[in-house]
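Participant: Sharing a model that was predicted from the sequence below.
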Amino acid sequence: MHKFTVTITEEFEADTAEEAALLMYQELTKRPAPLHYTAMDESKTVTNLTLDREKADAFASVDHTADPGNW
């Protein structure tokens, strides 16, 4: 299994970094999850991804921890 660092980027105008983080948190609680991501693997290879909302929602609705491949 590989390890990835996954990030999302949103720009906010704020007076402090904490306020910007709080604004991001507020956005995440008000609207569906973002669809644009950047993923970096152990070798520092960066991939920019845009997910399909319908496929992402279908994936999110399944308990993938029950998959024997995850044991």
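Facilitator: Structure's in. What do you need? Residues are numbered from 1 along each chain as shown.

Participant: Secondary structure element holding Glu11?
Facilitator: Glu11 belongs to no helix or strand when assigned by DSSP states H and E.

Participant: for this protein, longest helix please?
Facilitator: Of all the segments of type helix in the chain, defined by DSSP state H, the longest one is helix 17-30.

Participant: next SSE after that one?
Facilitator: Next in sequence after helix 17-30, counting helices and strands by DSSP H and E, comes strand 36-41.

Participant: Show me how far that following strand is from its chain's centre.
Facilitator: Put simply, strand 36-41 sits 8 Å off its chain's centre (Cα atoms, centre = their mean, to the nearest Å).

Participant: Just the CA coordinates for it, please, in PDB.
Facilitator: Extracted in PDB, the C-alpha atoms of strand 36-41 (Å, rounded to 0.1, in the frame of the first residue of the first chain):
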ATOM      1  CA  HIS A  36     -10.100  19.200  -7.300                       C
ATOM      2  CA  TYR A  37      -7.200  17.700  -5.500                       C
ATOM      3  CA  THR A  38      -3.400  17.400  -5.600                       C
ATOM      4  CA  ALA A  39      -1.900  14.100  -4.500                       C
ATOM      5  CA  MET A  40       1.800  13.500  -3.800                       C
ATOM      6  CA  ASP A  41       3.300  10.000  -3.300                       C
END
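
Participant: Which secondary structure elements does it sit against?
Facilitator: strand 4-7, strand 46-50 (3 or more Cβ pairs under 8 Å, 6 or more residues apart in numbering; DSSP states H and E). The C-beta positions use only the backbone N, C-alpha and C, and glycine is treated the same way.

Participant: which strands and helices sit next to the shortest one?
Facilitator: Right, the one you point to is strand 4-7. Packing partners of strand 4-7 (3+ Cβ pairs under 8 Å, 6+ apart): strand 36-41.

Participant: What are the contacting residues of the strand it packs on?
Facilitator: Contact with strand 36-41 is made by 2-9, 46-51, as judged by Cβ atoms under 8 Å, 6 or more residues apart in numbering.
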